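Novice: quick one, fold the following:
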Amino acid sequence: MLTHQQLLEAIPNCLASTDFTGLGEKYEGKVRDVYGQNGRRILITTDRVSAFDRVLGLIPYKGQVLNQLSAWWFAQTADLARNHVISVPDPNVTIAHEAQPLPVEVVVRGYITGVTKTSLWYLYEQGERRPYGIQLPDGLHKNDPLPEPIITPTTKAAQGGHDERLTEAEILEQGLVGAELWEEVRETAVSLFKRGQAVAAQAGLVLVDTKYEMGLVNGRLTLIDEIHTPDSSRYWLADQPAVASVPAAPPAEPENYDKEFMRQWYAAQGYRGDGTPPTMPPDFIAQIAARYLTTFEKLTNQSFSPGETPVLERIRKNLLQRNEG
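Specialist: A predicted model of the protein is given here:
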């Protein structure tokens with residue numbers, strides 16, 4: 001594990017963006033730069049990190065963690081689902097098949113938690129007992145485990161907005177996904193989540209909830225985005241109580257080992273996504289980086305060790321020379 005001082009020293013060298021000619025048209029997403037060429041997608045994961053649907057900061061080594069951890073997870077779940085990966089030639093780079101994304105993203109939840117207006121706990125606290133068309137019992141408290149993982153489908157929100165809430169009935173009625181394909185999506189998502197829960201438990205973590213993006217490659221269902229990373233999933237430490245069994249005296253909020261840790265800091269500063277965000281101090285940025293690295297090391301049982309070559313130079317060597325060849 002890198003020291004706090006090493007993480008502080010790495011902050012000025014964060015990978016904010018890329019600009020490579022010869023890789024096709026560039027599309028800049030929240031956390032990665034995507035290039036298209038010859039039926040492939042070249043995904044370069046940067047150190048950008050977002051909260052409240054905005055890009056708010058740069059976290060050292062975040063890109064390497066997301067790219068390598070997602071590739072590791074794809075290997076752990078290859079018996080459950082196909083993925084879009086062709087190769088991972090660099091710690092920040094994945095070359096993937098072009099895909100036709102499904103118009104529905106799948107969020108699987110194992111606990112009732114969250115603070116945004118579309119979160120399960122927020123809706124439940126407002127009195128909804130059938131959020132997303134799912135019947136929930138009375139008497140649940142924030143951070144309680146759910147009897148079984150549940151699926152809360154969404155469509156991707158416009159910039160600055162919340163994801164649209166959907167029920168399974170609406171997905172079928174609106175023809176967003178056909179019945180047979182949706183059943184495959186559901187079964188795949190639940191299987192992936194249960195595998196994720198089991199692996200996380202062995203690592204001393206709790207996989208709380210996660211989002212899966214799926215699409216079609218040559219007509220077959222395929223995972224087309226990162227999975228089970230600190231950006232796409234919520235993780236708690238397993239040895240911390242997550243159940244608020246007495247509403248009058250709930251336990252402390254569990255420690256987040258994902259980007260929620262950053263979102264909570266912004267909320268504590270009074271920032272909820274509107275206006276100019278406060279600047280994260282270097283010491284806090286290093287703390288976030290440490291949690292990303294800790295999650296990576298706990299799950300993979302590998303020590304994180306960044307290369308000494310500057311990121312852009314390394315990518316250029318590992319990717320552009322390969323592309324020319």
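Novice: CA only for contacts and neighbour counts going forward, please
Specialist: OK.
Novice: what sits against Leu58?
Specialist: With contact taken as C-alpha atoms under 8 Å, 6 or more residues apart in numbering, Leu58 is in contact with 11, 14-16, 47-49, 285.
Novice: does Ile86 count as helix, strand or coil?
Specialist: strand (DSSP: H, G, I helix; E, B strand; the rest coil).
Novice: surely it is in contact with Phe74?
Specialist: No. Using C-alpha atoms under 8 Å, Ile86 is not in contact with Phe74, being 11.6 Å away.
Novice: pLDDT score for Gly39?
Specialist: Gly39 is assigned a pLDDT of 87 by the prediction.
Novice: how much space between Leu172 and Glu183?
Specialist: Note on Leu172: its distance to Glu183, by C-alpha to C-alpha, to the nearest Å, is 11 Å.
Novice: please flag which of the contacts of Leu58 sit within helices.
Specialist: Ile285 (DSSP state H).
Novice: now intersect the contacts of Leu58 with the strands, please.
Specialist: Mapping the contacts of Leu58 onto strands (DSSP state E) picks out 48-49.
Novice: out of the contacts of Leu58, who's the most crowded?
Specialist: Counting neighbours by other C-alpha atoms under 10 Å, Asp47 comes out on top of the contacts of Leu58 with 25 neighbours.
Novice: one step back: which one of Ile86 and Phe74 is surrounded by more residues?
Specialist: Phe74 (21 against 13).
Novice: pretty sure that one contacts Asn83?
Specialist: Yes. Taking C-alpha under 8 Å as the definition, Phe74 is a contact partner of Asn83 at 6.9 Å.
Novice: remind me which residues of the stretch 51-200 of the chain are low pLDDT?
Specialist: Low-confidence segments of the stretch 51-200 of the chain, defined by pLDDT under 70, span residues 157-163.
Novice: which residue ranges form the helices in it?
Specialist: Under the criterion DSSP state H, counting those that start in this stretch, the stretch 51-200 of the chain contains helices at 62-76, 120-125, 168-173, 179-202.
Novice: for the last one, buried residues please.
Specialist: Neighbour counts using 16 or more other C-alpha atoms under 10 Å place 182, 185-186, 188-190, 192-197, 199-200 of helix 179-202 among the buried residues.
Novice: and for stretch 300-307?
Specialist: 300, 304.
Novice: contact partners of that stretch?
Specialist: 1-2, 61, 69, 72, 203, 293, 296-297.
Novice: buried among these? Need that as a selection in PyMOL.
Specialist: Of the contacts of stretch 300-307, the buried ones can be selected in PyMOL as follows, counting by 16+ other C-alpha under 10 Å:
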select buried, resi 61+69+72+203+293+296+297
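Novice: any chance of the contacts of stretch 300-307 in a markdown table, plus distance to Lys142?
Specialist: Shown next, in a markdown table, are those (distance: C-alpha to C-alpha, whole Å):
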| residue | distance to Lys142 |
| --- | --- |
| Met1 | 32 |
| Leu2 | 34 |
| Tyr61 | 32 |
| Leu69 | 29 |
| Trp72 | 31 |
| Ala203 | 24 |
| Leu293 | 27 |
| Phe296 | 27 |
| Glu297 | 28 |
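Novice: Leu312: which of the contacts of stretch 300-307 is nearest?
Specialist: Of all the contacts of stretch 300-307, Leu312 sits closest to Tyr61, with 12.9 Å by C-alpha to C-alpha.
Novice: the closest one contacts Ala289, correct?
Specialist: Yes. Using C-alpha under 8 Å, Tyr61 is in contact with Ala289, at 7.1 Å.
Novice: what's the spacing between the nearest residue to Arg195 once chain neighbours are set aside and His84?
Specialist: Nearest in space to Arg195, with sequence neighbours left out and distances taken as C-alpha to C-alpha, 6 or more residues apart in numbering, is Thr77 at 7.5 Å. Per C-alpha to C-alpha, Thr77 is found 13 Å from His84.
Novice: try Arg220
Specialist: With C-alpha to C-alpha as the criterion, Arg220 and His84 are 11 Å apart.
Novice: and those two? which has more neighbours close in?
Specialist: Per other C-alpha under 10 Å, whichever of Arg220 and His84 has more neighbours is His84, with 24 against 11.
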